[in-house]
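*Asks:* Here is my input; please provide its structure:
(chains A and B)
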Protein chains: 2
Amino acid sequence: MQERNRGDFTLPGEAGYEALTLELARRWGADVIRDSDGTKLSGEIVDAGYRIYSTVCVIREHNAFAEAHPECQQQTFLISKPVIATGECARIPLMDGYFSEQFALNDSADALRYWQVYDRTTGEEVPRERWAYADGAVTVSSCAPWHRYTASFLCYRIWEEINMYNHTTNGWTSAHLRQLDPRSDVAWAYLTDFMDSWCRENPQTSVVRLTSLFYNFVWIWGSDARNRHLFTDWASYDFTVSPAALDAFAARYGYALTAEDFVRGGRHQSTHMPPTRAKLDYMDFIQEFVADKARELVAIIHRHGKQAYVFYDDSWVGMEPSGKRFASIGFDGLIKCVFSGFECRLCAAADVPVHELRLHPYLFPVGLGGLPTFSAGGDPALDARRYWRSVRRALLRQSVDRIGLGGYLHLTQDYPDFVFAIEEIADEFRRIKALHAHGKPYALPCRVAVLHTWGDLRPWTLSGHFHETDGHALIHVNEALSGLPVEVRFLRFDEAASGALRDVDVVVNAGRMGDAWSGGDAWRDPALVAELTRFVYEGGAFIGVGEPSAVSGRETVFAMAHVLGVDEDLGEHVCHGRWQFDVDDSLPVTVCADALGAKENLYLTDGEARVLCEKGGVPQLTVHSFGRGMGVYMSGFAVSPRSTRMLLELLLYACGLPRESDYLSDCAEVETAWYPGSRTLVAINNAEARVTARIATPQGPKQVTLEPLQGIEMRL
Amino acid sequence: MQERNRGDFTLPGEAGYEALTLELARRWGADVIRDSDGTKLSGEIVDAGYRIYSTVCVIREHNAFAEAHPECQQQTFLISKPVIATGECARIPLMDGYFSEQFALNDSADALRYWQVYDRTTGEEVPRERWAYADGAVTVSSCAPWHRYTASFLCYRIWEEINMYNHTTNGWTSAHLRQLDPRSDVAWAYLTDFMDSWCRENPQTSVVRLTSLFYNFVWIWGSDARNRHLFTDWASYDFTVSPAALDAFAARYGYALTAEDFVRGGRHQSTHMPPTRAKLDYMDFIQEFVADKARELVAIIHRHGKQAYVFYDDSWVGMEPSGKRFASIGFDGLIKCVFSGFECRLCAAADVPVHELRLHPYLFPVGLGGLPTFSAGGDPALDARRYWRSVRRALLRQSVDRIGLGGYLHLTQDYPDFVFAIEEIADEFRRIKALHAHGKPYALPCRVAVLHTWGDLRPWTLSGHFHETDGHALIHVNEALSGLPVEVRFLRFDEAASGALRDVDVVVNAGRMGDAWSGGDAWRDPALVAELTRFVYEGGAFIGVGEPSAVSGRETVFAMAHVLGVDEDLGEHVCHGRWQFDVDDSLPVTVCADALGAKENLYLTDGEARVLCEKGGVPQLTVHSFGRGMGVYMSGFAVSPRSTRMLLELLLYACGLPRESDYLSDCAEVETAWYPGSRTLVAINNAEARVTARIATPQGPKQVTLEPLQGIEMRL
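*Replies:* Predicted coordinates:
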């Protein structure tokens, strides 16, 4: 990989470090220079001949306006701690436990209409006449003795959450930035004026990089350092709420939402759980609002001859880049910060002209997980190469248009290894992109559909980065799939039940009982179960992971137990005998036992499943013939090169394809991609050691030896 | 322990081994000789001056009658395997998978009325006109494509299950014994005649030892040796069913039961799950029938001047020795086979003049678990001493009247250690019994109520022996409690909700979510939750084990989470922050981490629970102050001397009692009992090694050194 290239790279510049900025722009082949949260560009940088991206967070940096118009600030519902009624009255302090720098009670008459008090012991709302508010507390009268009471209420959010995070993480001492709600006409007029003025005042900017739109993902902080992040969900809409929004919703949908629809007794309603009908309606309502407002913003930017890119994170809520309205907004580019392969696929899935990845590590002293990067104990070069390893295999399947970095460029000064690593990565990115220019890479005749609640609205991701959702088997499966030479799509259950399996060979369902990924009550639909039964009986494969298709109160916990040949016992089968079995090692699948779970209550339903792996006498990986197809069960899945290989071999077996299919290597660590347009075979080594592998090709096997993490290209 | 004694011991005699019988009767101090299933007594034994127990299993050994009156045989519902409808019709073979030596289809018109066909994909019954029966199969027409269908039907049981088990275990070649249903008037007239004749023909018998009454616990065998025991539940009523019983039920209760009430799509309805209302009605209906018929039998026996003892196992179903009708039957004695301490307490809890324990091992070549006892590889002396260790500690708390053995006496000939062990055990039993004659042993001021679905109807046991139910934490808790110096009672949830906690200090709830032991939907009753909240707030303690008070769809999974300070996350709290904690080792509790579970999804609700043990960063043992009382949570509980000690220390702490309370030893292996009536302190060593312990007494600590498994008595 000798050739050098330029372009498709966005460099974070930094005023005061002009020489460094221009030197790294040259070494990394940048064509664009950007500012970041906390950095500015100087005239010397702006005038150096690069295109300029300028970061604009529309809804913040307007503290003077926010102070003059506090009612224009964004809001959220919160719920008090439960209080036990030890007497006739219960006094509920509202803000107890919440971070006072983030929230300020909204006790206006307008807001009080939406407050609620609940008897949590009965689950019933307490009538308005039985509670009163004063001095930050609600007092409930005529309490039922020993019942638990809560109050739900509206708060203004008085510190924009990303500013709060960066401020806290980096020890900033600047003012806490507030955020305005575009739902307010006054605020929206102000914000569009601001955008227009900004464009006029920044003629050098070619791309307005919106970071992001209006509403941050929900991120409720607590007062106690032992539990700072009370509730965090990258894809939930809690922070879009206000009396005005709720009133507009009621007028539009003909029914009113309540505080309880959001707080649900403190559980909230995370993306990991199937939504209620009300939540779906509300999401659609917000999506329409966000698209309408975003379209106005983009029009202003375009009017000034600039392009509008948007960042796929932070205040991205309501934008839904895979949703039906995103293309209509008119963005010119979408920028996704990525640690993983699935995020690369997520970005690529959006309908937008330019897809750009912001690689990690971010140029900050510490990373998102709190570990050091550009500070003592950090190894940013190694971090960069490891993240790139994950991203690269996904890029081999589905290219994007650009990559870049963000943060404080000066931090790289003490890390020459990092500078060199990015140089190599940028070059490798450009070569991969060039391969895609000649057409798609070859995919095995294996079309995989991942079945979950959100379907194609939320392809690839669960809710946030890998490390934020890694308790869920599905993100591991998605990450494995992101670099495999198979077609992947994401389907909702209702789509699967009504014809969408026509062009599918393998269906994957991976989750915990009742969650959005397993599907919960969706599996009570006989049409879904019958259609999947047909699908497998006629030759398809159903791969279930964890607690697939699980619902309570039926004969089996897994609705697809008859296909899987295995089920989970939640207590109703403790008196049933268990089928004895021997482990079957005759299948062309190399079992990666570490990647599986160690579930305790699984049992074979009819004794006919082949058990490929057991732990403690309990089957953990099974294959069950069903009609002309099969059910495959894995008790868990943790992504790694070896488990990814196992998944690939299971897919091959399920599709009747040989383990030695063309263009596959014989080594778990070495993955490949074949580009027929240029007759180029790429092999990448995902190991941090030298590896030799044999790759099957129509011309016979090719043996390759790859250095740690190396990627090579061969013309065949 | 030097003195020797005689009496209170039942010896299994064996014809052909008269000298051995009389020799062991002398050595073990027997006052009674019995026969067993498979052995007879000879005249020489019967005339040797001992009281004679004779085993009578009323409902079997009438094969000629059964063949002449096949409709008098007992029955059960079975359910076919599910069949997928791949076309318009589905053919369901009924007996596929069932043990043909146990079951014979009852396709009489009378039985067919109770057959049912279900579409399991929709959960709906298929109307009668859409299915037909012929040649052992049901054919369903107008099927929904790809739906699963089952048929439920009645079978005669043509091999009495205990005979089937003994036959199979011991390789017997004798005829398969059938069993008659006393529900049939013809059969009942025959059986009462038989009982009367039997008494007349066996004048030497002083005690008719009924083994047992009419209906065996459910034990459905399969055709495949890889899964022989398809469904086994020691306390379920499935084997009481017949068209006659169902008709009588409908006439009496005003609604009809269906096959589905029993088979529940193949799940059946085990004792480990909360019963439906219909099941409770049906149990009551059968209990009344069994009591009525048993009363007639006992009257016949009494009329012949004999006593009637009954065996608390095998065909005991409907008898319910802790139920409200048991005393009215008029039995003179109850015999319980025991491996464990809780079974001793279970036997003692029945209202009957004589309680007798049949110790283990049974004199058979192999034990119930299938391991060798009186055969190569077995060590019956060690087995006997280990079972006795468990039983003895319970006997120190609550005496019974007699002990004994069963089986083939000749098997002891090659095991002199066993003969000696029983000699020692019999003597120790008599000494313990004598201590109780002077009044109850001292109990700590700690009154424990175990809260579960069955309450006092099923005290101490779950459903069968310890090793049959050891997947449930509660049987471990019960076994630990059976020998602790505390008062123990068993309460139903409705009792706890309505005043029964008045005389209780500690409530224990231990089970899996939704099962009969945790309680399932019982926890949706606000009155129960409020009352327990009051109970703890005012100074009581609530000890939850596993998934206590767990229900779905509420703010917390554990309904008592506010008291416990810990909850389980089933998926709704993955976006919530977790309270950081340090392990607190300041409490006077020696943690036995091995005994706890290793649950993954537990979290602290308010951060205030003290964590005594964690695994993988997840709390496993917590203590949470609540008002003047506390909640204690254990993620699991496996009984051992050390975990029993931990439980005792938790009880002491919860009741505000010092760890060094009077008459307690400082050693987990050494347990004690104080008999104030005779001022006798007993100390037992539960270890198989020599142990030294200090025992607190009002006169100051006493140091004792005990040989392996030794028990000693001290006068204070």
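*Asks:* C-alpha from now on. contacts and neighbour counts both.
*Replies:* Fine.
*Asks:* ok, how many other residues are close to A:Asp292?
*Replies:* 14 (other Cα atoms under 10 Å in any protein chain shown).
*Asks:* Check whether it really touches A:Gly330, as I assumed.
*Replies:* No: the criterion here is Cα atoms under 8 Å, and A:Asp292 misses it with A:Gly330 at 10.8 Å.
*Asks:* Point out the residues in the stretch 51-200 of chain A that sit beside chain B.
*Replies:* Proximity of the stretch 51-200 of chain A to chain B, by Cα under 8 Å from any Cα of the partner chain, involves residues A:Arg120, A:Thr121, A:Thr122, A:Pro145, A:Trp146, A:His147.
*Asks:* contacting residues for the spatially closest residue to A:Ala30 that is not a sequence neighbour?
*Replies:* Sequence neighbours aside, A:Phe9 is the residue nearest to A:Ala30 in space, at 4.5 Å (criterion: Cα to Cα, 6 or more residues apart in numbering or on different chains). Each residue near A:Phe9 by Cα atoms under 8 Å, 6 or more residues apart in numbering or on different chains is listed here: A:Trp28, A:Gly29, A:Ala30, A:Asp31, A:Val32, A:Arg402, A:Ile403, A:Gly404, A:Ala426.
*Asks:* If you rank those by neighbours, which is first?
*Replies:* The residue in these with the most neighbours, by other Cα under 10 Å, is A:Trp28 (27 neighbours).
*Asks:* and it, what does it touch?
*Replies:* Listed by Cα under 8 Å, 6+ apart, the contact partners of A:Trp28 are A:Arg6, A:Phe9, A:Ile422, A:Glu423, A:Ala426, A:Asp427.
*Asks:* just the CA coordinates of stretch A:422-431, formatted as PDB?
*Replies:* C-alpha atoms of stretch A:422-431 as PDB (Å, rounded to 0.1, in the frame of the first residue of the first chain):
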ATOM      1  CA  ILE A 422      -4.000   8.600  10.600                       C
ATOM      2  CA  GLU A 423      -1.800   9.100   7.600                       C
ATOM      3  CA  GLU A 424      -2.000   5.400   6.800                       C
ATOM      4  CA  ILE A 425      -5.600   5.200   7.600                       C
ATOM      5  CA  ALA A 426      -6.500   8.100   5.300                       C
ATOM      6  CA  ASP A 427      -4.600   6.500   2.500                       C
ATOM      7  CA  GLU A 428      -6.200   3.100   3.000                       C
ATOM      8  CA  PHE A 429      -9.600   4.800   3.100                       C
ATOM      9  CA  ARG A 430      -9.100   6.400  -0.200                       C
ATOM     10  CA  ARG A 431      -8.000   3.100  -1.800                       C
END
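*Asks:* Any idea how far that stretch is from the middle of the chain?
*Replies:* Computed by Cα atoms, centre = their mean, to the nearest Å, the chain-centroid distance of stretch A:422-431 equals 25 Å.
*Asks:* Sitting in strands, which of the contacts of A:Trp28 do you find?
*Replies:* Counted as lying in strands by DSSP state E, out of these, are A:Phe9.
*Asks:* Which two of the contacts of A:Trp28 have the greatest separation?
*Replies:* The distance between the two most remote of the contacts of A:Trp28 (Cα to Cα) is 12.9 Å, for A:Arg6 and A:Ile422.
*Asks:* who has more neighbours, those two?
*Replies:* The neighbour count for A:Arg6 versus A:Ile422, taken as other Cα under 10 Å, is higher for A:Ile422 (22 against 15).
*Asks:* so where do the strands sit in the stretch 251-400 of chain A?
*Replies:* In chain order, the stretch 251-400 of chain A shows strands spanning A:307-311, A:333-337, A:354-358, with DSSP state E, counting those that start in this stretch as the criterion.
*Asks:* Assumed A:Asp417 was part of a strand.
*Replies:* No: read with DSSP: H, G, I helix; E, B strand; the rest coil, A:Asp417 is helix and lies in no strand.
*Asks:* worst-scoring helix or strand of chain A, pLDDT-wise?
*Replies:* Least confident element among the helices and strands of chain A, by mean pLDDT, DSSP states H and E: helix A:161-170 (a mean of 90).
*Asks:* And the next helix or strand past it?
*Replies:* Next along the chain after helix A:161-170, taking DSSP states H and E as the criterion, comes helix A:185-201.
*Asks:* before we move on, the earlier item: can you tell me which of the contacts of A:Trp28 is nearest B:Gln204?
*Replies:* A:Ile422 (99.2 Å).
*Asks:* That closest one and A:Leu382 touch, don't they?
*Replies:* No: with contact defined as Cα under 8 Å, A:Ile422 does not count as touching A:Leu382 (10.6 Å).
*Asks:* Export only the CA atoms of stretch A:35-44, formatted as PDB.
*Replies:* The C-alpha trace of stretch A:35-44 is given here as PDB (Å, rounded to 0.1, in the frame of the first residue of the first chain):
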ATOM      1  CA  ASP A  35     -13.500  24.000  13.700                       C
ATOM      2  CA  SER A  36     -14.700  22.000  16.700                       C
ATOM      3  CA  ASP A  37     -16.500  22.500  19.900                       C
ATOM      4  CA  GLY A  38     -13.900  24.500  21.800                       C
ATOM      5  CA  THR A  39     -11.600  25.500  18.900                       C
ATOM      6  CA  LYS A  40     -11.600  28.300  16.400                       C
ATOM      7  CA  LEU A  41     -10.000  28.800  13.000                       C
ATOM      8  CA  SER A  42      -7.800  31.800  12.300                       C
ATOM      9  CA  GLY A  43      -7.600  33.800   9.200                       C
ATOM     10  CA  GLU A  44      -4.300  32.100   8.200                       C
END
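*Asks:* got the angle for the lengthiest helix in chain A vs helix A:185-201?
*Replies:* Scanning chain A for the longest helix, with DSSP state H as the assignment, gives helix A:277-303. Using axes from the mean of the first three to the mean of the last three Cα atoms, to 10 degrees, the inter-axis angle of helix A:277-303 relative to helix A:185-201 is 30 degrees.
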